[in-house]
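K.L.:
got a sequence here, can you build the structure:
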Amino acid sequence: MIRSVGVWGACFDQGQRHPGASEGPEVIRASGVLQRLIELGVRLVDHGDLREDRAEDDTLDNRQLATARFSRATYEKVREILGRGELALTLGGDHSIGLGSVAASLEEDEDSVVVWVDAHADINTMTTSNSGNMHGMPVSFNIPELAEEFRHKGEMNWITARLKPSRIAYIGLRDVEEAERNVLRALNIPSFFMSDIDRLGVSDVVTEALRRIDPDGCRNIHLSFDIDALDPCDASATGTPVRGGLSLREGMTVCDMIHRTGRLTAMDLVEVNPRLGGCDEVKKTVESASLLIFSALGLRDLVSFHN
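P.N.:
Here you go, the predicted model:
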């Protein structure tokens, strides 16, 4: 059984254009997952939610400013939870929140490693991004070789880029821009695409990913899981679904294997968007998110959802 879990909701969706991911924590909470965790013996501490609503003038510039502010709030909240000795469970929210949560893990323990499970690499910079949407940039802000001066410098002067390229591994990639592919190759970042999972199997991929970033098996792990890593068959209520993804069972295996290391210290579960689907699609996506959480906490075999 894992130690105490500190959970909070990052009610934020201005890292991209589609509103609704800010409502992800609400629908995940409403599913009863937190109460079920308590019933299963998890020592759960609920730290509430943080929210930043969209400005009436919903411009890219305003969204970037809001993302910078919320990233700092995320960093401070996750540091607070980690400082209490709790596993930090962040319910998103779009994946821009990973900027602050990963920075907090590395501030707490600079030797931590990151497993980023996602259809996308999220390693664009302000220069390489075609859209300027910061949910596609959270990794780059944490890597010294990629960190660029933010146009609103005063809003980002809190972050110190500490993530070594050799200490992050991607799992589930399949929609990666050419500029991002070039970065992954140039920095030799361990990157496992869906073709690798098809060829090797998900268990071997996770084993190899962990071997690459933590060869001695001793470093704390930050797991950042974007629900769009799953195939839309299992999680369609999300902002950028991409066909050909992880099955729910494969996603649960990733989470379970990381739990079994005994070194998971933080988890982000992001990009559930209840506005992007009917009732059945949202219900299925939330159930998938819940099962990923249960698996990351070592409870995979104790829960199930029925059609």
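K.L.:
which residues touch the closest residue to Asp226 other than its chain neighbours?
P.N.:
In this structure, Asp226 finds its nearest non-sequential neighbour in Asp118, 4.1 Å apart by Cβ to Cβ, 6 or more residues apart in numbering. Just so you know, the C-beta spots here come from the backbone N, C-alpha and C atoms, and that holds for glycine as well. Listed by Cβ atoms under 8 Å, 6 or more residues apart in numbering, the contact set of Asp118 reads 95, 170, 172-173, 224-226, 228-229.
K.L.:
closest to Ser304 out of the residues you listed?
P.N.:
Phe225 (19.6 Å; Cβ to Cβ).
K.L.:
OK, contacts around the closest one?
P.N.:
Phe225 sits next to 117-118, 251, 254-255, 267-270, 292, 296 when contact means Cβ under 8 Å, 6+ apart.
K.L.:
most neighbours out of those, which is it?
P.N.:
Counting neighbours by other Cβ atoms under 10 Å, the top entry in those is Val270, with 33 neighbours.
K.L.:
close enough to count as contact, that one and Ser224?
P.N.:
Yes. Under the criterion of Cβ atoms under 8 Å, Val270 makes contact with Ser224 at 7.4 Å.
K.L.:
shared neighbours of the two, which are they?
P.N.:
By Cβ under 8 Å, 6+ apart, the residues touching both Val270 and Ser224 are 95, 98.
K.L.:
number of nearby residues for Val78?
P.N.:
Val78 - counted by other Cβ under 10 Å - has 29 other residues nearby.
K.L.:
excluding residues flanking it in the chain, which one is nearest it?
P.N.:
Ala104 (3.6 Å).
K.L.:
find the residue at the geometric middle of the chain.
P.N.:
With the centre of the chain defined as its mean C-alpha position, the nearest residue by Cα atoms, centre = their mean is Ser224, 2.9 Å away.
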